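**Student:** Sequence and computational prediction follow.
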Amino acid sequence: MDALDRKILNRTQLGIPVSDQPFADIANELGCEEQQVIDKLQTMLDDGLLTRFGPMFDAASLGGAFTLSAMIVPEDRFEQVTDIVNGFRQVAHNYKRQHKLNMWFVIACESQQEIQTVIKDIEQQSGIQVFDFPKQEEFYVGLYLPV
Amino acid sequence: MSTNAIAFLNSENPELSVEQQLQLFNAIESGLPLVAQPYLALAEDIDASEEQVIAMIKDWQQQGLIRRFGLVIRHRKLGYVANAMVVWDVEDEQVERVAAILAEQKVVTLCYRRPRVLPHWPYNLFCMVHGKNRDQVVAQLQQICQHSELEGLAKRLLFSSKAYKQRGGRYQHSLTS
């Protein structure tokens, strides 16, 4: 990754203009050629540094439902419970974290009702209570990781 | 896409038919074409003008349907391997003030109020802090607390020790790593 790659990545993380020639706009800002911006973004996509390029839809506005859930999983059952939880296609992210509540995952469904069903099913299959932490208020969503 | 997702399509729109709106939605859901005039390319695909496509997308942004327009980066591949969920126990009437401070910090990527689950969990404000290593995350957080006088608040840093499932989403999930 060279200096221009970094500049492009940092700039495009902040957003892409909705204009006739968005990559020319970015190139103007960065002092390079439009085609360089396009080529370098394409290379980063091909190399898997970027998985996606475009609009991020707000799932809740589209009718989706999300929650953050956590469980207290005994260490000797961790792998087994991980398999159970990850077996649900509605589970989007699953992280082991250092706390008594040591398994944290996001459940993404089409409705609140489906979330409750998934939680009940996980509890039934694992024999472990699932604690639900639904979002009550959102203060900030952004992701800017300068490289 | 769920059936209720179609509710955002606007049959009153004089510019694009509901079918065109759906086609456009489906097209950009998988990403923006990497060509000099991406909105023109999209317009040609749905038999509309570039202006109509740009207007529709701006409209969706205004409605909050499109949260942001940008990238999903593999942060782990770029060296951001330490991510901490930082949780705070904040008095209910102080939540707005503290959240506003956290939201200003560049290293804080998400900030939500969520319910406490007593007795296991007294924390009601959740945010994510990303860094290239754990020391950096801890140092950044210390700095925020000192500068913004948040040192008196009870908090916990929960580093992830292992990512068992990470799905790059079309959606902005409520908690991404």
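**Tutor:** Alright, I've got the coordinates.

**Student:** Going by C-alpha atoms from here, please, whenever you check contacts or count neighbours.
**Tutor:** Will do.

**Student:** Following element in sequence after the helix or strand hosting residue A:124, please.
**Tutor:** Taking DSSP states H and E as the criterion, residue A:124 maps to helix A:112-126. Next helix or strand after helix A:112-126 toward the C-terminus (DSSP H and E): strand A:131-133.

**Student:** model confidence over that next one, on average?
**Tutor:** Averaged over strand A:131-133, pLDDT sits at 96.

**Student:** tally of neighbours for residue B:14?
**Tutor:** Counted with other CA atoms under 10 Å in any protein chain shown, residues neighbouring residue B:14 total 8.

**Student:** from what I can see, it looks like it's in a helix, true?
**Tutor:** No - according to DSSP: H, G, I helix; E, B strand; the rest coil, residue B:14 belongs to no helix; its state is coil.

**Student:** do you know how far it is from chain A?
**Tutor:** Residue B:14 is 21 Å from chain A, where distance means CA to the nearest CA, to the nearest Å.

**Student:** since we're on residue B:75, how many residues are nearby?
**Tutor:** Using other CA under 10 Å, residue B:75 has 19 neighbouring residues.

**Student:** Is it correct that residue A:101 is in contact with residue A:74?
**Tutor:** No - the pair residue A:101 / residue A:74 is not scored as a contact, 9.9 Å apart, by CA atoms under 8 Å.

**Student:** where along chain B do the strands fall?
**Tutor:** Taking DSSP state E as the criterion, chain B carries its strands at B:66-73, B:82-89, B:108-113, B:125-131, B:154-166.

**Student:** Domain map for chain A?
**Tutor:** A:3-46, A:65-133 (automatic domain parsing).

**Student:** Dump those to CSV, plus distance to chain B and mean neighbour count.
**Tutor:** What follows is the domains of chain A, written out as CSV (distance: least, CA to the nearest CA, whole Å; neighbours: other CA atoms under 10 Å in any protein chain shown):
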stretch, distance to chain B, mean neighbour count
domain A:3-46, 5, 17
domain A:65-133, 4, 18
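
**Student:** want to try a markdown table for these, with distance to residue B:60 as columns?
**Tutor:** Putting the domains of chain A into a markdown table (distance: least, CA to CA, whole Å) gives the following:
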| stretch | distance to residue B:60 |
| --- | --- |
| domain A:3-46 | 12 |
| domain A:65-133 | 19 |
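
**Student:** now the helices for chain B?
**Tutor:** B:18-29, B:38-45, B:50-62, B:95-103, B:134-147 (DSSP state H).

**Student:** looking at the ones you listed, which is buried most?
**Tutor:** Per-stretch averages of neighbours, counted by mean count of other CA atoms under 10 Å in any protein chain shown, single out helix B:38-45 among the helices of chain B, with a mean of 18.

**Student:** roughly how far is that one from the heart of the chain?
**Tutor:** With CA atoms, centre = their mean, to the nearest Å as the basis, helix B:38-45 stands 26 Å off its chain's centre.

**Student:** Does anything pack onto it? Which helices or strands?
**Tutor:** helix B:50-62 (3 or more CA pairs under 8 Å, 6 or more residues apart in numbering or on different chains; DSSP states H and E).

**Student:** So is the helix it packs on next to chain A?
**Tutor:** Yes - for helix B:50-62, a contact with chain A is found by CA under 8 Å from any CA of the partner chain, at B:50, B:54, B:57-58.

**Student:** and that helix with strand B:66-73, angle?
**Tutor:** If you take axes from the mean of the first three to the mean of the last three CA atoms, to 10 degrees, helix B:50-62 sits at 90 degrees to strand B:66-73.

**Student:** Appreciated, that's everything.
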